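Asks: please work out how this folds:
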Amino acid sequence: MKNQIKTILLLLVFALSGCNSDDDSVLPIINLTNEFIVNSTTTYLTPNGYFEEYISEGEVVWYGLKFIDGEYVFIDPPCPSAENLNHGVSIWLRLDHDDKLESGTYNYTDNDSDLGIIGNSEVFFDFRYIEANCLGVPDTKLNIVDGELNVKKTIQGYSISYNLTSENGTEITGTYFGELIERTVSEW
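Replies: The predicted structure is shown next:
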């Protein structure tokens, strides 16, 4: 019995000593969290991403990216109702890609003819409905006046990062990884 234990211990020592330093390498950790961070201090999770087309008089007038903590639900009439919505980022876009969000960098623009992030983009907190779950307002809203959106289409969906600045100088950085749910929003 003693010989068996010695043999097992000896084999164990050989097995462990056979490892070299290359086996101890650590792969980098990649942050795949869907979130935005305000002024590098407060983090808000946004697990749900939407790509929206806004229709007026039968034509697309702009597009939107929404990264929110709640989920949109579809009710009749088709108003933008959501469940469990508290905070999020709404980035409005002028695109020229046949109704698709393509890989690339989109910058904020004040010029009505330029493509990119446009006015009405915002970050919001403490969202609440005030009219039959169809009209809602946030208690706090940061209007975006500058920024950059980086989009990369992948096999798994999208890899999106953004750096935005509000009118009061608040810095917002965020990421989203995954599929975007497509929505068409008509005038109601």
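
Asks: how many neighbours does residue 120 have?
Replies: Residue 120 sits with 12 neighbouring residues when counted by other CB atoms under 10 Å. All C-beta spots, glycine's among them, are computed from the backbone N, C-alpha and C.

Asks: tell me which residues touch it, please.
Replies: 90, 92, 143 (CB atoms under 8 Å, 6 or more residues apart in numbering).

Asks: can you tell me the element the second one falls in?
Replies: Under DSSP states H and E, the secondary-structure element containing residue 92 is strand 88-94.

Asks: listing partners with orientation, what would you give for that strand?
Replies: Looking at strand 88-94 with DSSP bridges, its partner strands are strand 59-68 (antiparallel), strand 116-117 (antiparallel), strand 122-131 (antiparallel).

Asks: average pLDDT across stretch 43-63?
Replies: Average pLDDT, stretch 43-63: 87.

Asks: same thing with stretch 100-108?
Replies: Mean predicted lDDT for stretch 100-108 stands at 91.

Asks: now stretch 150-159
Replies: Stretch 150-159 carries an average pLDDT of 92.

Asks: let's see it as CSV, backbone CA atoms only.
Replies: Extracted C-alpha coordinates of stretch 150-159, given in CSV (Å, rounded to 0.1, in the frame of the first residue of the first chain):
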residue,chain,number,x,y,z
ASN,A,150,-18.3,53.5,-33.8
VAL,A,151,-20.2,50.6,-35.4
LYS,A,152,-18.8,47.2,-36.5
LYS,A,153,-21.1,44.6,-37.9
THR,A,154,-20.1,41.1,-36.8
ILE,A,155,-21.5,37.6,-37.3
GLN,A,156,-23.0,37.8,-33.9
GLY,A,157,-24.7,41.2,-34.6
TYR,A,158,-23.0,44.5,-33.8
SER,A,159,-20.1,45.8,-31.8
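
Asks: quick one on the thing from earlier: which of the contacts of residue 120 sits closest to residue 173?
Replies: Closest to residue 173 out of these is residue 90 (15.8 Å), distances taken as CB to CB.

Asks: just to revisit the earlier point, go through the strand holding residue 92 and flag the buried ones.
Replies: By 16 or more other CB atoms under 10 Å, the buried positions in strand 88-94 come out as 88, 89, 90, 91, 92, 93, 94.
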